[in-house]
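Peer 1: 3D, please:
(chains A, B, C and D)
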Number of protein chains: 2
Amino acid sequence: MPKTRDARSTVTLKDVAERVGITSSAASMALADHARISSKTKAAVRQAAQELGYVPSSAGRALRNQRAGAVALIVPNTSQHVFGHSYFMHVLTGVSDAANAHDSQVIVSTNSDAENGVAAYERVVRSRSADGAIVTSSAVDDFHVEELVASGLPVVLIGNFPYLPGSVSIGIDDVAATRTLTEHLIDVHGRRRLVHVTGPLDHQTGLDRREGFLETVRARGIEADSQIVHGEFNEESGRAAVAAVLAEGREVDGIVFANDDMAFGGLQELKRAGRRVPEDISIVGFDDFGLARVTTPGITTIAVPAEEMARRATERLFDLVDGRFEGPAHEQLGVTFVARRSCGCPDAA
Amino acid sequence: MPKTRDARSTVTLKDVAERVGITSSAASMALADHARISSKTKAAVRQAAQELGYVPSSAGRALRNQRAGAVALIVPNTSQHVFGHSYFMHVLTGVSDAANAHDSQVIVSTNSDAENGVAAYERVVRSRSADGAIVTSSAVDDFHVEELVASGLPVVLIGNFPYLPGSVSIGIDDVAATRTLTEHLIDVHGRRRLVHVTGPLDHQTGLDRREGFLETVRARGIEADSQIVHGEFNEESGRAAVAAVLAEGREVDGIVFANDDMAFGGLQELKRAGRRVPEDISIVGFDDFGLARVTTPGITTIAVPAEEMARRATERLFDLVDGRFEGPAHEQLGVTFVARRSCGCPDAA
DNA sequence: CTGAAAGCGCTTACAG
DNA sequence: CTGAAAGCGCTTACAG
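Peer 2: A predicted model of the protein is given here:
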């Protein structure tokens, strides 16, 4: 059966070489600017390539060079639900920028169905479609990540992975950032009866942000008036957490949500219950991937530099792939505190 | 220089074949379940492959089969700014789902710098890294899209491209959808003095949504009281459009924004000016990719089935690649009207 | 029926 | 110095 693609012309190195009257070996060297080819021949080859519209075959190159010319951005479906759309676009942008700079393609591997023997991303990598992988998973018990790292394949993780000492990762200091938020509620707005709505505690971010909250209320001596409620990083769990807290009837004047989505859900529930934010209760979130800016009131939060993290992670990945760098290493980027009206601050801008 | 990758074992078909004591040709046929291989040998090969952790080399396959096993999702940078993050995640999800079902990788090509001779996505495709492409651009004057389609390469476009009759595309009926929104303001909420804030008019969506608005105000006989203001699909241009309209001092009781981002910008500007939405002015947007649901008030809008469009587009692409289908063809999917408080309707759920 | 060569497009180590 | 073979990993058309 004739294929559609047959209609298109496929220009190979051989075509270029024939036009110039040399072998494809020589043409290859000419295009690679090899010293042994005369500049006259080089010019002729370049022109022929130009005229014929020659583009090297990625498969031919990959097979010969044992190098795919692509990196994989791996998005486990667990992490898909945990983080939001904006987060991944920031990450994708960062990865693409760095990959483009290295003339590399970006393969996005979103494994929709969790367990089908070999995980989707393991395949990407084992089939050598990609020279390395950026992984955004943060589930502590995701053993696939561990296996991937252990396989010796170049992998850079986005996030903090203290339990994977052999890994290369780029993260932020979630503990310190949450401390900043919590201290802000206490020191600037005089809040004393605080609630922390956690993220999922099988995620390192969930654990670290809780730790930051706990450290702070302890340091300020208001631990007895504080409360921890479990959440799942999504809007609905923020709503449910607030509903549960309000149902208990305890006094609360500030809530530290472990991310913005939960803060938004909580905000809606507080409004529904007739509590004014920030007059009656100050709230803060975490991430600033877009949502926190558009709600009413805007949500005070920590801006996570997702795009920059991804860019750095990808640069590190190329270092690994090119053998310029040997893990393990963990790098942390700075974050920005963004004051909005939800805590009681005046709106920015 | 030894490469990092040398540390990893690379299992080839030859390794599998040797373990079983046959040639790699036979092993290939065995794994392909070819009739001429005995079921006993097949079982042995499968087991050996399993034990060794054999995964076919994508480069070897691609070269031999003249088929990359990947599709490209092309995101011209123009269109990146025009649409939002959520839109692309919806598209990416749809493309990934369909590609996974066809055992194909997804390459995302975001050409950051516009003009570097050959456009980034042309390279992807010319280097045969991808067997076909999904393109999300909607700029009417983006000649790259035209070239791509003309090249004979399998391409499916997301959106409406009436000026590219030779193309295969999946879109929605923007004219009819905008008519629905505009009629809603007039017929349900009694608005008579309407403004339409357009999208960029070098984009088909911008043109079509304007057309839908114009048709409706003409049909209802309120054209004289209507006004068209130019926007660019982003929040800031919505804000600016509203500021301009208010500055003129004309009476306005309803605004049809060509998308949600502009509606949100306009909403903020209206609030700032002391106009109540929806009491004084009803507003509507378009898209429903996330923003419209989280603002206060929520924005009445048309939900665009971006994920489904992408899934269908990718299915069509595989039809083209496999020669099961010959373009041109244009398919339109249905949309959903979503009533929220910004027009005067009670909030949903 | 079955063994093994040929060839996809590249690049570089080798032979002359 | 330069020509052209070898081989990356696959699959299938061909020879026996």
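Peer 1: Name the helix or strand of chain A that has the lowest mean pLDDT.
Peer 2: helix A:77-82 (a mean of 65; mean pLDDT, DSSP states H and E).
Peer 1: ok, residue A:328 to residue A:139 distance?
Peer 2: Distance check for residue A:328 against residue A:139: by C-beta to C-beta, to the nearest Å, it reads 20 Å. For the C-beta atoms, the positions are set from N, CA and C on the backbone; glycine is no exception.
Peer 1: quick one: which of those two has more around it?
Peer 2: residue A:139 (18 against 12; other C-beta atoms under 10 Å in any protein chain shown).
Peer 1: Go ahead and confirm the more buried one touches residue A:203.
Peer 2: Yes: counting by C-beta atoms under 8 Å, residue A:139 sits close enough to residue A:203 to count as a contact (5.8 Å).
Peer 1: Tell me which stretches of chain A form helices.
Peer 2: Here chain A has its helices, by DSSP state H, at A:13-20, A:24-31, A:39-52, A:58-65, A:77-82, A:85-101, A:120-126, A:143-150, A:174-183, A:204-219, A:235-248, A:260-272, A:291-294, A:306-321.
Peer 1: If you count contacts, what does the last one end up packed against?
Peer 2: The helices and strands touching helix A:306-321, judged by 3 or more C-beta pairs under 8 Å, 6 or more residues apart in numbering or on different chains; DSSP states H and E, are strand A:70-76, helix A:85-101, strand A:133-135, strand A:155-158, strand A:168-172, strand A:329-333.
Peer 1: again with the longest one
Peer 2: Contact here means 3+ C-beta pairs under 8 Å, 6+ apart; on that basis helix A:85-101 packs against strand A:70-76, strand A:105-111, helix A:306-321, helix B:85-101, strand B:105-111.
Peer 1: Tell me the confidence at the most centrally placed residue in chain A?
Peer 2: Central residue of chain A (C-alpha atoms, centre = their mean): residue A:91, 4.4 Å from the mean position. Looking at residue A:91, its pLDDT is 93.
Peer 1: give the contact list for it.
Peer 2: A:73, A:134, A:136, A:158, A:306, A:307, A:309, A:310 (C-beta atoms under 8 Å, 6 or more residues apart in numbering or on different chains).
Peer 1: try 7 Å this time
Peer 2: Counting by C-beta atoms under 7 Å, 6 or more residues apart in numbering or on different chains, residue A:91 makes contact with A:73, A:136, A:158, A:306, A:310.
Peer 1: returning to what we had before: let me know which of the helices of chain A is the nearest to residue B:257.
Peer 2: Proximity to residue B:257 (C-beta to C-beta) singles out helix A:291-294 among these, at 14.8 Å.
Peer 1: Which residues does the closest one contact?
Peer 2: Contacts for helix A:291-294 (C-beta under 7 Å, 6+ apart): A:260, A:261, A:264, A:285, A:298, A:299, A:301, A:340, B:264, B:291, B:294, B:295.
Peer 1: who wins for most neighbours among these?
Peer 2: Top of these by neighbour count (other C-beta under 10 Å): residue A:285, with 32 neighbours.
Peer 1: excluding its backbone neighbours, what's nearest residue A:227?
Peer 2: Excluding the flanking residues, the one nearest residue A:227 by C-beta to C-beta, 6 or more residues apart in numbering or on different chains is residue A:195, at 4.8 Å.
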